[in-house]
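A.B. asks: build me a structure from this.
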Amino acid sequence: MDFTLLSPSAQVAAYLREELMRGRWTGTMPGGPALAKELGVDGKTVWSALGQLEKEGLLIAQGPGKRRKIADLKDMDTPALRVAILDYEPLEQSEDWTFSMQKTLLSQGHSAYFTEKSLSELGNDVRRVARQVKQTPADAWIVCSGSRDVLEWFSKQETPAFAMFGRRRRLPIAGVGPDHVSAGCDAVQRLIDLGHKRIVMVSRESQLAGGLGSTESAILDLMKSRGLPASPYNLPNWEDNAEGLHRMLEELFRFTPPTALLIDEPFIFHAVKDYLAQRGIVAPSHVSLICSDPDHTFSWSKPTIAHIRWDHGPVVRRVVQWVNNIAKGKNDLRQTLTKAEFVEGGTVGRVPQSR
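C.D. replies: Prediction:
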């Protein structure tokens with residue numbers, strides 16, 4: 001039996017959701033203070049729970065000081081689904097917000113669980129993925145950071161699947177992810193403005209399988225348009241493990257070292273930063289470093305880390321919306337981009353004179 005500890009606001013939201021479905025209230029919802037008194041919880045908890053029900057479409061805000069309107073609930077009785085989450089990394093390496101997504105799905109009555117093996121543990125091998133899918137009872141799949149081949153396979157299956165990140169563009173599969181194209185180009189344009197000409201993208205081998213992604217293509221096109229060379233040097237291949245990363249960096253910095261690195265994923269960023277620091281190469285004195293994603297550890301770093309910032313909230317909401325749409329029998333193949341922006345931190349600077 002699965003055991004999931006819900007937050008106080010999630011527990012209140014679950015209770016209010018059940019009471020709404022039973023028809024306890026009609027027209028408008030009682031105010032926050034009245035509900036807090038009835039349930040014996042603080043107002044902040046109730047406010048958060050009511051906000052969650054708004055996001056689900058059960059309540060409609062009427063403006064400051066006015067009670068929330070109760071939506072038409074005739075079509076809100078969503079059947080429960082078995083939702084399998086195929087994460088990229090093993091469970092112990094999953095990010096906190098993916099568990100938040102799971103809890104949100106559980107709070108809405110769905111059975112959401114992580115698969116026995118992750119994509120990286122399966123080597124992104126389509127045959128091994130297919131074998132695990134066959135052995136896993138599920139009504140819907142959420143695939144995190146899938147390669148092109150993996151997502152193409154899921155798009156052809158009868159069981160609906162959702163691509164959270166990954167190489168999903170132009171495939172008939174629903175998906176969501178931050179707009180890395182615009183933010184990545186902003187980051188590279190800033191590097192160009194600072195005089196950088198040897199800009200290298202460090203992306204995982206598995207993510208490049210099946211050809212360049214839209215972000216890599218857009219950045220290389222930008223570099224070409226600014227008169228910079230764009231070759232395999234700017235997007236090196238490396239074996240997807242620590243040894244492969246170190247070998248790639250050794251070769252990269254041997255003869256014509258880059259002046260800037262745009263690094264995919266925070267844990268790879270930290271590994272690169274540590275590797276360079278051990279060799280006396282520090283940012284931004286010797287090289288500029290940018291991470292393609294946010295990470296809570298960045299706030300502890302000095303200098304501050306340049307990165308691409310985006311909010312997990314809209315991503316989770318889109319996933320939950322898709323699951324509920326599938327549960328209602330809707331054919332939802334919409335792909336969504338969420339806002340992302342380049343944050344210039346202390347690891348970005350002008351090209352040193354010696355470079």
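A.B. asks: please make it C-alpha for all contacts and neighbour counts, starting now.
C.D. replies: OK.
A.B. asks: helices of the stretch 151-300 of the chain, residue ranges please.
C.D. replies: Secondary structure of the stretch 151-300 of the chain by DSSP state H, counting those that start in this stretch: the helices cover 180-193, 205-208, 214-225, 242-252, 266-277.
A.B. asks: which residues touch the longest one?
C.D. replies: What that stands for is helix 180-193. 199, 214-216, 218-219, 222, 260, 290, 292, 308, 340-342, 344, 348-350 (CA atoms under 8 Å, 6 or more residues apart in numbering).
A.B. asks: mark which of those are buried, thanks.
C.D. replies: With burial judged by 16 or more other CA atoms under 10 Å, the buried subset of these is 199, 215-216, 218-219, 222, 260, 290, 292, 308, 340-342, 344, 348-350.
A.B. asks: angles on the backbone of residue 258, please.
C.D. replies: phi -70, psi 160 (degrees, to the nearest 10).
A.B. asks: thought it was touching residue 200?
C.D. replies: Yes: with contact defined as CA atoms under 8 Å, residue 258 counts as touching residue 200 (6.5 Å).
A.B. asks: when these two are compared, which one has more neighbours?
C.D. replies: Remark: of residue 258 and residue 200, residue 200 carries more neighbours, 24 against 21, as counted by other CA atoms under 10 Å.
A.B. asks: what is the neighbour count of the residue nearest to the more buried one when sequence neighbours are not counted?
C.D. replies: Once flanking residues are discounted, residue 200 sits nearest to residue 234: 4.2 Å by CA to CA, 6 or more residues apart in numbering. Around residue 234 there are 21 other residues, counting by other CA under 10 Å.
A.B. asks: who's in contact with residue 234?
C.D. replies: Counting by CA under 8 Å, 6+ apart, residue 234 touches 198, 199, 200, 201.
A.B. asks: from residue 41, how far out is it?
C.D. replies: Residue 234 is 55 Å from residue 41, where distance means CA to CA, to the nearest Å.
A.B. asks: repeat that for residue 116.
C.D. replies: In terms of CA to CA, residue 116 sits 38 Å off from residue 41.
A.B. asks: same check, this time on residue 194
C.D. replies: Separation of residue 194 from residue 41 (CA to CA): 54 Å.
A.B. asks: what do you get for residue 135?
C.D. replies: Counting by CA to CA, the gap from residue 135 to residue 41 is 43 Å.
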